[in-house]
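Novice: Sequence plus the predicted model coming up.
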Amino acid sequence: MGSAVNRSYGDTCGIARALDAVGERWALLVVRELLLGPKRFTDLRAGLPRIGPDMLAARLRELEHRGLIGQRRLPPPVARTVYELTDRGAELGPVLHALGRWGSGQALGSEPPPLSPDAAVVAMQTLFEPDPGARTGVVALWLDGREFELRSQPDRLVAAAAAGTAAARAAADATIETEPATLAAILWHGLGIDHAVADGRLRIGGDERLARSLLTRYG
């Protein structure tokens with residue numbers, strides 16, 4: 001273990017104790033990348049391209065030491081180790097969503113870095129606007145080749161990583177295919193859905209009304 005595991009603010013306040021557990025640099029972003037499902041080490045690095053392998057390994061050790069993540073060996077033919085949140089780690093989901101809502105009020109720079117697919121979906125959950133009269137259903141969202149299952153409900157958006165198979169896509173009511181930058185432009189920066197479809201940056205299948213309803217649940 002690195003020495004950071006043993007560092008403490010020495011304060012019994014719940015906020016201080018929470019920061020003892022997840023206050024190290026990159027720790028909460030590692031948790032963010034695991035909110036929607038397990039990932040390999042290489043997947044985590046792809047979602048957090050600015051973190052070095054040694055730093056990522058240190059954060060994973062620390063979070064595992066704190067009981068927030070665990071490792072699981074997938075059976076053959078996959079035969080690989082993935083990291084996943086424990087029940088205690090998953091309790092950080094609402095905390096990260098609240099922090100994301102607060103952080104969205106901070107001004108972006110002139111050239112903001114792109115969102116990872118997982119960060120984009122977590123942001124969708126974070127900024128989803130309730131609408132009692134909105135359409136509900138299941139949308140298969142493909143971002144840069146990664147598939148997510150989105151369950152659009154009147155009061156919230158439930159999201160998880162999906163299998164990425166033809167069967168999973170067929171089971172969805174609607175499909176959306178794009179990449180994170182285009183998705184962000186549609187949801188938050190005024191890019192019209194029709195314009196994105198016309199120039200090939202957005203593809204919608206199945207229940208088009210449901211897909212469009214989901215994409216317009218943001219201010």
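Specialist: Sure, I can see it. It should be emphasised that the depicted structure is a prediction, and the values quoted were computed from it without experimental measurement.
Novice: so residue 175 sits right up against residue 207, yeah?
Specialist: No: counting by C-beta atoms under 8 Å, residue 175 sits too far from residue 207 to count as a contact (9.1 Å). Just so you know, the C-beta spots here come from the backbone N, C-alpha and C atoms, and that holds for glycine as well.
Novice: Those two: who's more crowded?
Specialist: Between residue 175 and residue 207, counted using other C-beta atoms under 10 Å, the more crowded position is residue 175 (20 against 17).
Novice: Which of the three states applies to that one?
Specialist: strand (DSSP: H, G, I helix; E, B strand; the rest coil).
Novice: how about it, what does it touch?
Specialist: Remark: with contacts taken as C-beta atoms under 8 Å, 6 or more residues apart in numbering, residue 175 is in contact with 139-142, 169, 203-206, 211.
Novice: same thing with residue 48?
Specialist: Per C-beta under 8 Å, 6+ apart, neighbours of residue 48: 26, 29-30, 33, 56, 116.
Novice: Ranking by neighbours, what's the top pick from the residues you listed?
Specialist: Neighbour max across these (other C-beta under 10 Å) = residue 30, 26 neighbours.
Novice: still on that earlier bit, from the contacts of residue 175, which has minimum pLDDT?
Specialist: Ranked by pLDDT, the contacts of residue 175 bottom out at residue 169 (68).
Novice: What helix or strand is the closest residue to residue 53 other than its chain neighbours located in?
Specialist: Leaving out its chain neighbours, the residue that sits closest to residue 53 by C-beta to C-beta, 6 or more residues apart in numbering is residue 45, at 6.7 Å. For residue 45, the host element (DSSP states H and E) is helix 41-47.
Novice: now for that helix, which elements pack on it?
Specialist: The elements that helix 41-47 packs onto, with contact taken as 3 or more C-beta pairs under 8 Å, 6 or more residues apart in numbering; DSSP states H and E, are helix 27-34, helix 53-65, strand 81-85, helix 117-127.
Novice: ok, and what's touching the third one?
Specialist: Right, the one you point to is strand 81-85. With C-beta under 8 Å, 6+ apart as the test, strand 81-85 has contacts from 31, 34-35, 37-41, 44, 60, 68-74, 92.
Novice: tally of neighbours for residue 35?
Specialist: By other C-beta under 10 Å, 21 other residues sit near residue 35.
Novice: For it, give me its contacts.
Specialist: Residue 35 neighbours (C-beta under 8 Å, 6+ apart): 85, 90, 92-93, 96, 118, 122.
Novice: Next one: it from residue 213, what distance?
Specialist: 24 Å (C-beta to C-beta, to the nearest Å).
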